[in-house]
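Colleague: Fold the following.
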Amino acid sequence: MPETSRPVAVAEAFTDSVVLYAEYPGYLTAEYYAEVVGLVNGRILTKNYESGAHVNKGDLLFTIDPTLYKDALTRAESTLKSNESNLAYSKSHYEAVLKALEDNAVSKMEVLQAESDYNQAQASVNDSRAALHTAQVNYGYCNVTAPISGYISANLLSPGNYITGEDSPVKLAEIYDHTHLYAVFEVEDSRYETMTAGQNKVDEVLYRNVPLKFKEPLKNTYTLDLTYMAPSVDRSTGTLTLKGKITNIDNELKEGMYVTISLPYGENPKAILVKDAAIGTDQLGKYMFVVNDSNTVVKRRIDVGEIYRDSLRVVDKGIEPGEKYITKALLTVRAGEKVDPVLSK
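Modeller: Down below sits the predicted model:
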């Protein structure tokens, strides 16, 4: 009695016009970033925020011991008052000797001396006003405020630490404004030439609504408009920096997150397509089970391209349009087996 061939589900490879994409790894960077720094010398007295919280521009973040700068401010105020008093006297004296000169009551030398004293007093007032302004600024620096609005990092130095901000600014924390972020990535210069063929304006949008993928699925879906390209190719890597702006939804995205960008670079008008689920993998690479004209199963090695419409895969080599391939029972079928192919959609 002849052996009965078991039915298996098959589909036919077909061709379609496919837009070709290349995937590039990138990272996110905040549109606005600022360091919180100490600009004076002194001991940190207080930290006035919760790490990771949102702060507004101008919020008080740290206080630094103001004793030295308060004393300097008091001295500067006192010096200015003294010099202003001296200026008033010098001005009055100069005006008096000028009038006396009209009656020949004083010599021209006395007038010149009075004028010199007056000019010197004016210069001293100007200097003391500048010194007072510096003292006021330094005293103000004892209250460290947020330079921008955004989410703030943990403090890098705790209260009790002494800093020397006058020598060089001392970083105390960082603030990131995540309202908008940029996805930054690199493309090969040859691929860039293909992508931008026919586009002459450097500042125009290269691509709109480019989809982004993250390591783990996120609640929201994100796309970007590719709007920036570096003005030159990095000679050491042969790549060009590109970036696009993203609106952050629900503060879900963070500075430094890794992202994958899929960019179109061409079109294959006759791409061979099969169901991605019908492709197997072993130590030698990718394969499919093909049913030949005598309904015998053949294990066929293939070279694959990219995914298309979520469930299909481009096959670059190993299968021809119209050939039947097995779509189910891949684990039980074997090469050389006779089957009864049942065409499915």
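Colleague: For the protein, just list every one of the helices.
Modeller: Assigned by DSSP state H, the helices in the chain fall at 67-102, 108-141, 189-195.
Colleague: Columns mean neighbour count on top of those, output as TSV?
Modeller: C-betas here are computed from N, CA, C, even on glycine. As requested, the helices of the chain are exported to TSV (neighbours: other C-beta atoms under 10 Å):
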stretch	mean neighbour count
helix 67-102	15
helix 108-141	15
helix 189-195	15
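Colleague: Nearest approach to Asp310 belongs to which of the ones you listed?
Modeller: helix 189-195 (23.4 Å; C-beta to C-beta).
Colleague: can you give me the mean pLDDT across that closest one?
Modeller: The predicted model assigns helix 189-195 a mean pLDDT of 69.
Colleague: just for the stretch 101-250 of the chain, where's the confidence low?
Modeller: Where the stretch 101-250 of the chain drops to pLDDT under 70, the residues are 192-204.
Colleague: For Ile307, give me the pLDDT.
Modeller: For Ile307, the predicted pLDDT is 83.
Colleague: Quick one: residues contacting it.
Modeller: Applying C-beta atoms under 8 Å, 6 or more residues apart in numbering, we find Ile307 in contact with Asp276, Arg313, Val314.
Colleague: For stretch 162-180, list every residue counted as buried.
Modeller: Ile163, Gly165, Val170, Leu172, Ala173, Glu174, Ile175, Tyr176, Asp177, His178 (16 or more other C-beta atoms under 10 Å).
Colleague: Pretty sure the fifth one sits against Asn155.
Modeller: It stands for Ala173. Yes. At 5.4 Å, Ala173 and Asn155 qualify as touching, with contact defined as C-beta atoms under 8 Å.
Colleague: Now do the phi/psi pair for the nearest residue to Ser51 once chain neighbours are set aside.
Modeller: Distances taken as C-beta to C-beta, 6 or more residues apart in numbering put Ala154 closest to Ser51, at 4.0 Å, once the chain neighbours are dropped. With angles defined as degrees, to the nearest 10, Ala154 sits at phi -70, psi 150.
Colleague: Next one: Ala154 from Val187, what distance?
Modeller: The spacing between Ala154 and Val187, counted by C-beta to C-beta, to the nearest Å, is 35 Å.
Colleague: of those two, who's got more company?
Modeller: Between Ala154 and Val187, counting by other C-beta atoms under 10 Å, Val187 is the more crowded of the two (22 against 11).
Colleague: residues contacting the closest residue in space to Lys70 that isn't next to it in sequence?
Modeller: Counting by C-beta to C-beta, 6+ apart, the nearest residue to Lys70 once its immediate chain neighbours are dropped is Tyr139, at 6.2 Å. By C-beta under 8 Å, 6+ apart, Tyr139 lies in contact with Pro66, Tyr69, Lys70, Ala72, Leu73.
Colleague: quick revisit: PyMOL command to pick out the buried ones of the contacts of Ile307?
Modeller: In PyMOL syntax, the buried subset of the contacts of Ile307 is picked out as below (16+ other C-beta under 10 Å):
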select buried, resi 313+314
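Colleague: Just put the contacts of Ile307 in JSON lines and tack on distance to Tyr222.
Modeller: Output for those, formatted as JSON lines (distance: C-beta to C-beta, whole Å):
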{"residue": "Asp276", "distance to Tyr222": "24"}
{"residue": "Arg313", "distance to Tyr222": "25"}
{"residue": "Val314", "distance to Tyr222": "25"}
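Colleague: and of the contacts of Ile307, the nearest to Ser124?
Modeller: Val314 (82.7 Å).
Colleague: hang on, isn't the closest one packed against Glu267?
Modeller: No. Under the criterion of C-beta under 8 Å, Val314 is not in contact with Glu267, lying 11.9 Å apart.
Colleague: Quick check: neighbours shared by these two?
Modeller: Among the neighbours of Val314, those also in contact with Glu267 (C-beta under 8 Å, 6+ apart) are Val18.
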